[in-house]
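S.K.: Take this sequence and fold it.
(one chain, ligands or ions: 4)
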Amino acid sequence: SAKAEGKGRSQIFHAQMDTEYHYRQRLKADLRQAVVGGQLHLAFQPLVDLETRKVVTCEALARWTHPEFGPVPPAVFIPLAEEMGLISQITAWVLHKAVEECARWSWPVAVGVNVSARDFRGIDLPVLVDLALERSGLPPDRLEIEVTETAVIEERDRARSVLKALADRGTAIALDDFGTGYSSLSYLSALPFTKLKIDRSFVADISVNPRALRLLSNVARLGRDLDLKVVAEGVETEAQLDAIATQTSVQQVQGYFFSRPLSAKDIAELIERFNGTGTSQATTKRING
Ligand code: C2E
Ligand code: MG
Ligand code: MG
Ligand code: MG
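M.R.: Ligands and ions are numbered 1, 2, ... in the order given. Model (predicted):
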């Protein structure tokens, strides 16, 4: 009967929830140890300039390999870290590790670091950035801080002062996942962003849906009008790349088409391969500019 079926379904649902709950509890219990015990590492994904076809930035992405469960995605453990008050420690670690790797690259490619809403309160981000840059010898314009709309809205006043302090140092400030949050737009001019990363949901359909392409094109134009570097995220196919290159004013692309996030060793090789060949004058061109 429908009733029995409903009951069966709800039992399955509860069993799933139970498993999910215990999984999360386990992850929470283990995350603290993972942070101090070196179970985290970084992956790097390139952002490619469309004009020069060179790598201009690599985004650092946190990875956790759980000893029992294997890889745990950041979409799972970053929110847990935020809940547990561990995010500042992770951000500090990512920042140091990211600039350390960046300083080793054979071309003056920048490195992107994601920060959370809580990082606007939990730590003195500008001081942390100064320390990391000083230690690595990296100039401030080789670092890009990525922040989401949601983070900016949650901590509006703190975000404003922290981002301004970072921008004053010459560090790039990227608005990440643009278009997925509240999109109130007013903060686009109120905060010192230098880069707009348009979320991959705006890219997904562009090669099959002309309206999706026009939407991306107009969002890109909005960014260009505000003197922002405009990036399209989640470019997976050549058809998407071609549409972006020929029909939008997007300047940089990121996505699986060029490369998945790679290990520190592999990204160094990719940069060498991408930027070290050809006769493009991009190699001498200032990045972030
Ligand atoms: P994000 O900052 O927007 O990073 C881009 C995400 O999109 C990455 O997922 C990347 O692997 C994925 N991606 C890149 N190209 C493609 C593509 O062509 N197709 C698809 N489907 N996906 C693509 P990842 O590494 O799983 O990270 C997810 C999110 O977790 C990040 O989104 C960021 O918000 C957060 N995150 C990652 N590392 C950190 C960190 O160190 N600190 C903080 N606060 N957040 C982090
Ligand atoms: Mg990001
Ligand atoms: Mg993003
Ligand atoms: Mg994203």
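S.K.: Compute the number of surrounding residues for residue 143.
M.R.: 27 (other C-beta atoms under 10 Å). Any C-beta I mention is one placed from the backbone N, CA and C, and that applies to glycine too.
S.K.: quick one, what contacts whatever residue of the stretch 151-289 of the chain ends up closest to ligand 1?
M.R.: Nearest residue of the stretch 151-289 of the chain to ligand 1 (C-beta to the nearest ligand atom) works out as residue 255 at 3.2 Å. Counting by C-beta atoms under 8 Å, 6 or more residues apart in numbering, residue 255 makes contact with 200, 203, 232, 233, 234, 235, 236, 240.
S.K.: Can you turn the buried part of those into a ChimeraX selection?
M.R.: To isolate the buried ones among the contacts of residue 255 in ChimeraX, judged by 16 or more other C-beta atoms under 10 Å, type:
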select :200,203,232,233,234,235,240
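S.K.: For the residue nearest to residue 58 when sequence neighbours are not counted, give me its contacts.
M.R.: Counting by C-beta to C-beta, 6 or more residues apart in numbering, residue 58 lies nearest to residue 44, which is 4.2 Å off, once chain neighbours are set aside. Shown in contact with residue 44 (C-beta under 8 Å, 6+ apart): 58, 59, 60, 61, 101, 111, 261, 262, 263, 264, 267.
S.K.: If you rank these by neighbours, which is first?
M.R.: For the contacts of residue 44, the largest neighbour count, defined by other C-beta under 10 Å, is 30 neighbours, found at residue 58.
S.K.: Tell me how far that one lies from residue 215.
M.R.: Distance, residue 58 to residue 215, using C-beta to C-beta, to the nearest Å: 28 Å.
S.K.: what do you get for residue 171?
M.R.: Where residue 215 is concerned, residue 171 sits at a distance of 30 Å (C-beta to C-beta).
S.K.: Give me the more crowded residue out of the two.
M.R.: residue 171 (25 against 16).
S.K.: show me what contacts the residue most central in space within the chain?
M.R.: With distances taken as C-alpha atoms, centre = their mean, residue 114 lies nearest the centre of the chain, 5.3 Å away. Residue 114 sits next to 59, 60, 61, 62, 94, 146, 147, 176 when contact means C-beta under 8 Å, 6+ apart.
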